[in-house]
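Engineer: any chance you can model this:
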Amino acid sequence: MKKELSHIDDRGNASMVDVSNKDVSSRMATATGQVNFPKDVFETLKAQDFLGKKGSILQTAIIAGIQGVKKTSELIPLCHQINLSKVHIDILPKENTLLVTCMVKCTERTGVEMEALTGVSVSALTIYDMCKALSHDIKISNIQLEHKSGGKHDFNR
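Structural biologist: Here you go, the predicted structure:
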């Protein structure tokens, strides 16, 4: 099977994929990413239960990530608007790192990979924004799709 870029037409122009002939099915995607901190900054945040002057860093990042998921079609030009069934974002502290996971579900003709990746990205950016007063040496890394199901092909990392 020859793989081709789905968002480029035969003349090389950007094109939104026509999903009108696809079957509606239950679709789910999970993405992850990391926000890495200098050790002293992470220890300070942990000692404060990840509460900053602007409020709960983790809860604010979760809400921002959910908003990001809902705005994906406005941010990524060729994404379809889809009705979401579920968005769940989890942020877990590990050694000098916050691990961000976003799971998105829908029943649609197209998947939710971009929504899950956007949720992780916006959550991570929000964490950076809320913590940058302590250090600009905060790194957002390893944002990736972990799993997708529904549609033609499932994927598991």
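
Engineer: bridged to C102, which residues?
Structural biologist: Listed beta-bridge partners, C102: A31, I89 (assigned using DSSP bridges).

Engineer: check for me that T44 belongs to a helix.
Structural biologist: Yes: the assignment for T44 is a helix, going by DSSP: H, G, I helix; E, B strand; the rest coil.

Engineer: could you pull out the helices for the protein?
Structural biologist: Assigned by DSSP state H, the chain shows helices spanning 39-47, 57-70, 72-75, 113-131.

Engineer: okay if I get those as TSV plus mean neighbour count?
Structural biologist: C-beta here means a position set from N, CA and C on the backbone, and glycine is covered the same way. Converted to TSV, these look like this (neighbours: other CB atoms under 10 Å):
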stretch	mean neighbour count
helix 39-47	14
helix 57-70	20
helix 72-75	15
helix 113-131	24
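
Engineer: the ones you listed: which one's closest to C106?
Structural biologist: helix 113-131 (8.0 Å; CB to CB).

Engineer: only alpha carbons, please: show that closest one as CSV.
Structural biologist: What follows is helix 113-131, C-alpha atoms only, in CSV (Å, rounded to 0.1, in the frame of the first residue of the first chain):
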residue,chain,number,x,y,z
GLU,A,113,-5.2,12.5,17.5
MET,A,114,-4.7,16.2,16.9
GLU,A,115,-7.1,17.1,19.8
ALA,A,116,-5.1,14.9,22.2
LEU,A,117,-1.8,16.3,21.1
THR,A,118,-3.2,19.9,21.4
GLY,A,119,-4.5,19.2,24.9
VAL,A,120,-1.0,18.0,26.0
SER,A,121,0.7,21.0,24.3
VAL,A,122,-1.6,23.7,25.8
SER,A,123,-1.4,22.1,29.3
ALA,A,124,2.4,22.1,29.1
LEU,A,125,2.5,25.7,27.8
THR,A,126,0.3,26.7,30.7
ILE,A,127,2.6,25.1,33.2
TYR,A,128,5.5,26.9,31.7
ASP,A,129,3.6,30.2,31.8
MET,A,130,2.7,29.8,35.5
CYS,A,131,6.2,28.7,36.5
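
Engineer: thank you, goodbye.
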